[in-house]
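Trainee: have a look at this prediction, sequence included:
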Amino acid sequence: MASPSDPAPAPAPAVVTRFAPSPTGSLHIGGARTALFNYLYARRHNGKFLVRVEDTDRERSTDDAVRAIFDGLSWLELFADDEPVFQYSRADRHREVVNDLLERGAAYRDFTSAEETGRLRDAAKAERRTFESPWRDREPGVDDLSQPHVVRFRRPLPGQVTVDDEVQGSVSWSNDDLDDLVLLRSDGAPTYNLAVVVDDHDMGVTHVIRGDDHLNNAARQSLIYDALGWTRPAFAHIPLIHGPDGAKLSKRHGAQAVHEYAAMGYLPEAMRNYLVRLGWAHGDDELFSDKQATAWFDLSGIGKAPARLDFDKLAHVNAHWIRLADDDRLAKMTLDAHLARGHALGEHDEARLLRAMPFVKDRAKTVLELADQTVFALKIRPLAIYDKARPMLTGESGERIARLRNRLALFASWDVFALEAELKVFAEEEAVGFGKIGPAVRAALTGDSVSPDIARTLAALGREESLGRLDDALQQTI
């Protein structure tokens, strides 16, 4: 008869990975990279990518954190192949496995009080030995069983446990150095290491890819796998992400949570590109598509040293993907950035941004910079001309601007390259360098001293708006 702890799992793909966050805060960049590595490895091997919310810590787990995690995964477009699993809902299954371990002799009930356990643990530490419960080799009586107690794993002694890690190599621990971890708390709640083993087994997980801060857990979890007669998954413990200074990533290094990067104007495809390259390499390739990442990603490319967050490199990657992005999509994102800054939505704002996008996106590193560079396009006529520019729109300079306006009104093509040529010819005919004309034209077209070059500004505004703004500016100076 099959053990109740070992139901025959359904036929599974060759590779099943999982991302298992704890909902105690936002999805941080380190967790996002772990999710991405799991996602890419599953996709590379035509497997399944799963998500499990490890919410057994009821005091710290919150619904807001759960939403933040899934919002972050959704923004990064890392979608699981099955519905998410919530670990807390599986507590009965975890207790069932503990009962099986008790029957196998691989676990025991420990009736030592918390105070006495603390005293014994302190004594063991002072004597530089591993804490061991006095109940390890003691059979409880009938009266004992009615008392509060925990259930501990009985680690095999003597011996050692070895984990052949896909990133860290072969790592071994002496069983003498590992204590008998608690499997069930006195209130019947399962502990982390037990729940992880049971859930990974039942979900058919074949590869556990996670941060190397879990490497010691792999030793304990491997012993539980072995005690249950279950096949261990392959482990791959990836180095953590450090700040630019090499120290552990913290708030002082800047943005940590995924939603912060979204708010700062980074594109999800840029974040995926940057994150996968953060601690993993494919030759010297820095910029690559999702398709390439999926085809190339493998665990052998993960380095053993911590990766360093580099905001300049992230900005470079983001600028690349902005240049390649669809103008309509960028216009919508840029409009959202303007609205977040308090801009009052105008009827034609999205159309204006869409027209301007081809002329500004190759100079922006973030969507916020796109918003900065498109302020001129959303201004409402008549524009207020800043004081220093007013003299440039009067006298001989004003007459020259008027001639340019009339010339442009007859101009058939509003193509940016044709406009560049036309402006050059106009300056030559006026016998002045365009530097003498440009500031006044820019002030008339934008009400400011900052905008793309004049040809791009004209093309971005369109013929009717450009001529109208020039007319307004000249009218204000009469």
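Mentor: That came through, no problem.
Trainee: show the contacting residues for residue 140.
Mentor: Taking C-beta atoms under 8 Å, 6 or more residues apart in numbering, we find residue 140 in contact with 109, 111, 149. C-betas here are computed from N, CA, C, even on glycine.
Trainee: count the neighbours of the residue nearest to residue 53 when sequence neighbours are not counted for me.
Mentor: For residue 53, ignoring the flanking residues on the chain, the nearest one in space by C-beta to C-beta, 6 or more residues apart in numbering is residue 86 at 4.9 Å. Neighbours of residue 86 under the rule other C-beta atoms under 10 Å: 16.
Trainee: what residues sit buried inside stretch 120-130?
Mentor: Buried residues in stretch 120-130, defined by neighbour count with 16 or more other C-beta atoms under 10 Å: residue 130.
Trainee: so residue 198 touches residue 93, yeah?
Mentor: Yes - checked against C-beta atoms under 8 Å, the pair residue 198 and residue 93 is within contact range at 6.2 Å.
Trainee: more crowded one of these two?
Mentor: Each of residue 198 and residue 93 had its neighbours counted (other C-beta under 10 Å), and the higher figure belongs to residue 198 (23 against 16).
Trainee: quick one: the more buried one is in a helix?
Mentor: Yes - with DSSP: H, G, I helix; E, B strand; the rest coil as the criterion, residue 198 is assigned to a helix.
Trainee: and it, what does it touch?
Mentor: Contact partners of residue 198, counting by C-beta under 8 Å, 6+ apart, are 90, 93, 94, 97, 190.
Trainee: for residue 121, same thing?
Mentor: Residues in contact with residue 121 (C-beta under 8 Å, 6+ apart) are residue 131.
Trainee: can I get the helix or strand hosting it as PDB, trimmed to CA atoms?
Mentor: For residue 121, the host element (DSSP states H and E) is helix 114-126. Output for helix 114-126, consisting of C-alpha atoms alone and laid out as PDB, is shown next (Å, rounded to 0.1, in the frame of the first residue of the first chain):
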ATOM      1  CA  ALA A 114      10.200  26.800  25.600                       C
ATOM      2  CA  GLU A 115      12.100  28.100  28.700                       C
ATOM      3  CA  GLU A 116      13.900  24.800  29.200                       C
ATOM      4  CA  THR A 117      14.700  24.600  25.500                       C
ATOM      5  CA  GLY A 118      16.300  28.000  25.600                       C
ATOM      6  CA  ARG A 119      18.400  27.100  28.600                       C
ATOM      7  CA  LEU A 120      19.600  23.800  27.000                       C
ATOM      8  CA  ARG A 121      20.300  25.600  23.800                       C
ATOM      9  CA  ASP A 122      22.400  28.300  25.600                       C
ATOM     10  CA  ALA A 123      24.300  25.600  27.400                       C
ATOM     11  CA  ALA A 124      25.000  23.700  24.200                       C
ATOM     12  CA  LYS A 125      26.300  27.000  22.600                       C
ATOM     13  CA  ALA A 126      28.500  27.700  25.500                       C
END
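Trainee: mind listing residues that contact the next helix-or-strand element following that helix?
Mentor: Stepping forward along the backbone from helix 114-126, the first helix or strand reached (DSSP H and E) is strand 150-153. Applying C-beta under 8 Å, 6+ apart, the external contacts of strand 150-153 come out as 98, 101-102, 106-110, 133, 135-136, 180-186, 194, 220, 223-224, 227.
Trainee: from the chain's centroid, how far away is the following helix or strand past strand 150-153?
Mentor: Tracing the chain C-terminally past strand 150-153 and defining elements by DSSP H and E, one meets strand 160-165 next. For strand 160-165, the gap between its own C-alpha mean and the chain's C-alpha mean amounts to 31 Å (C-alpha atoms, centre = their mean, to the nearest Å).
Trainee: hmm, back to that, list buried residues within the contacts of strand 150-153.
Mentor: Buried among the contacts of strand 150-153 by 16+ other C-beta under 10 Å: 98, 101-102, 106-110, 133, 135, 180-184, 194, 220, 223-224, 227.
Trainee: let's see the lowest-mean-pLDDT helix or strand in the chain as PDB, backbone CA atoms only.
Mentor: Ranked by mean pLDDT, DSSP states H and E, the weakest helix or strand in the chain is helix 434-446, scoring a mean of 90. Output in PDB follows, covering the C-alpha atoms of helix 434-446 (Å, rounded to 0.1, in the frame of the first residue of the first chain):
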ATOM      1  CA  PHE A 434      20.800  79.300 -37.600                       C
ATOM      2  CA  GLY A 435      22.000  79.900 -34.100                       C
ATOM      3  CA  LYS A 436      20.700  83.400 -34.500                       C
ATOM      4  CA  ILE A 437      17.300  82.200 -35.500                       C
ATOM      5  CA  GLY A 438      16.900  79.000 -33.400                       C
ATOM      6  CA  PRO A 439      16.300  80.400 -29.900                       C
ATOM      7  CA  ALA A 440      13.600  82.800 -31.100                       C
ATOM      8  CA  VAL A 441      11.800  80.000 -33.100                       C
ATOM      9  CA  ARG A 442      12.000  77.700 -30.200                       C
ATOM     10  CA  ALA A 443      10.600  80.200 -27.800                       C
ATOM     11  CA  ALA A 444       7.700  80.900 -30.200                       C
ATOM     12  CA  LEU A 445       7.000  77.200 -30.700                       C
ATOM     13  CA  THR A 446       7.400  76.000 -27.100                       C
END
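Trainee: use 626 as the first number from now on
Mentor: Sounds good: first residue 626 from here, last item helix 1059-1071.
Trainee: packing partners for the next helix or strand after it?
Mentor: Sequence-wise, the next helix or strand downstream of helix 1059-1071 (DSSP H and E) is helix 1079-1086. Judged by 3 or more C-beta pairs under 8 Å, 6 or more residues apart in numbering; DSSP states H and E, helix 1079-1086 is in contact with helix 974-985, helix 1041-1055, helix 1059-1071, helix 1088-1101.
Trainee: can I get the ones you listed in TSV including mean neighbour count and distance to residue 954?
Mentor: Putting the helices and strands packed on helix 1079-1086 into TSV (neighbours: other C-beta atoms under 10 Å; distance: least, C-beta to C-beta, whole Å) gives the following:
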stretch	mean neighbour count	distance to residue 954
helix 974-985	21	9
helix 1041-1055	15	21
helix 1059-1071	19	25
helix 1088-1101	17	23
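Trainee: got the contact list for the closest residue to residue 732 other than its chain neighbours?
Mentor: If you skip the residues right next to it in sequence, residue 732 has residue 726 as its closest partner in space, 3.9 Å away by C-beta to C-beta, 6+ apart. Under the criterion of C-beta under 8 Å, 6+ apart, the contact partners of residue 726 comprise 630, 732, 776, 778, 808, 849, 852, 853.
Trainee: so the last one is in contact with residue 724, correct?
Mentor: Yep, that's residue 853 we're talking about. No - under the criterion of C-beta under 8 Å, residue 853 makes no contact with residue 724, lying 11.9 Å away.
Trainee: between the two, who's got more neighbours?
Mentor: Summary of the neighbour comparison: residue 853 and residue 724, criterion other C-beta under 10 Å, with residue 853 having more neighbours (19 against 14).
Trainee: quick check: phi and psi at the more buried one.
Mentor: Backbone torsions of residue 853, given as degrees, to the nearest 10, read phi -90, psi -10.
Trainee: and the least confident of the contacts of residue 726?
Mentor: On pLDDT alone, residue 630 ranks lowest of the contacts of residue 726, at 58.
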